[in-house]
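S.K.: for reference, the sequence and a predicted model appear below.
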Amino acid sequence: MTEELEAHVLRKYEILQKLGKGAYGIVWKAIDKRTKEIVALKKLKMEKEKEGFPITSLREITTLLISQHPNVVPVREIVVGNMLDQIYIVMDFLEHDMKSLMETMRKKKQVFLPGEVKCLMVQLLRAIHHLHDNWILHRDLKSSNLLL
């Protein structure tokens with residue numbers, strides 16, 4: 001991380017904990033120092049591109065910006081370093097994912113009510129419909145990627 005970008009990110013956000021690592025980057029839970037809101041900071045992996053900005057990072061940013069919809073996690077801002085070597089996507093933080101919620105419910109011998117299932121499915125299908133309308137295909141749709 002460049003010192004200047006690190007200073008900007010740390011001036012604005014306090015990193016609380018690492019949430020996970022995926023194919024396109026690392027996600028941290030952080031707090032916005034100004035608003036005191038909890039956010040998710042996704043640092044995009046920057047492959048060592050010899051000819052400019054990595055196409056995978058550009059696709060990720062473009063996809064997230066096009067995907068803005070009430071049933072898709074909103075992007076708040078994108079923080080870019082001077083040399084384009086550090087990119088953070090700041091998103092709303094959502095506490096739960098469907099996989100962990102279902103695991104917790106199973107341990108407590110709880111189930112979703114039919115109305116809850118319908119409500120969740122409508123939200124999921126609306127989000128997928130929006131993505132498809134924008135020629136985006138989610139290639140990693142699974143319960144751990146469904147945030148509540």
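M.R.: Sure, I can see it.
S.K.: from here on, just use CA atoms for contacts and neighbour counts.
M.R.: Will do.
S.K.: so what touches stretch 62-76?
M.R.: Where contact means CA atoms under 8 Å, 6 or more residues apart in numbering, the residues beyond stretch 62-76 that reach it are 89-92, 123-124, 126-127, 130-131, 134, 136.
S.K.: which residues sit in contact with residue 24?
M.R.: 44-45, 56-57, 60.
S.K.: what's the local residue count around residue 31?
M.R.: Neighbour count of residue 31, defined by other CA atoms under 10 Å: 20.
S.K.: list phi and psi for the closest residue to it other than its chain neighbours.
M.R.: In space, not counting the residues next to it along the chain, residue 31 is nearest to residue 38; the distance is 4.4 Å by CA to CA, 6 or more residues apart in numbering. Backbone torsions of residue 38, given as degrees, to the nearest 10, read phi -80, psi 130.
S.K.: contacting residues for residue 38?
M.R.: Residue 38 makes contacts with 29-32, 92-93, as judged by CA under 8 Å, 6+ apart.
S.K.: would you mind measuring from it to residue 70?
M.R.: Distance, residue 38 to residue 70, using CA to CA, to the nearest Å: 19 Å.
S.K.: same check, this time on residue 125
M.R.: 12 Å.
S.K.: pLDDT weak spots in the chain?
M.R.: Counting by pLDDT under 70, the chain shows low-confidence ranges at 1-10, 47-53, 81-85.
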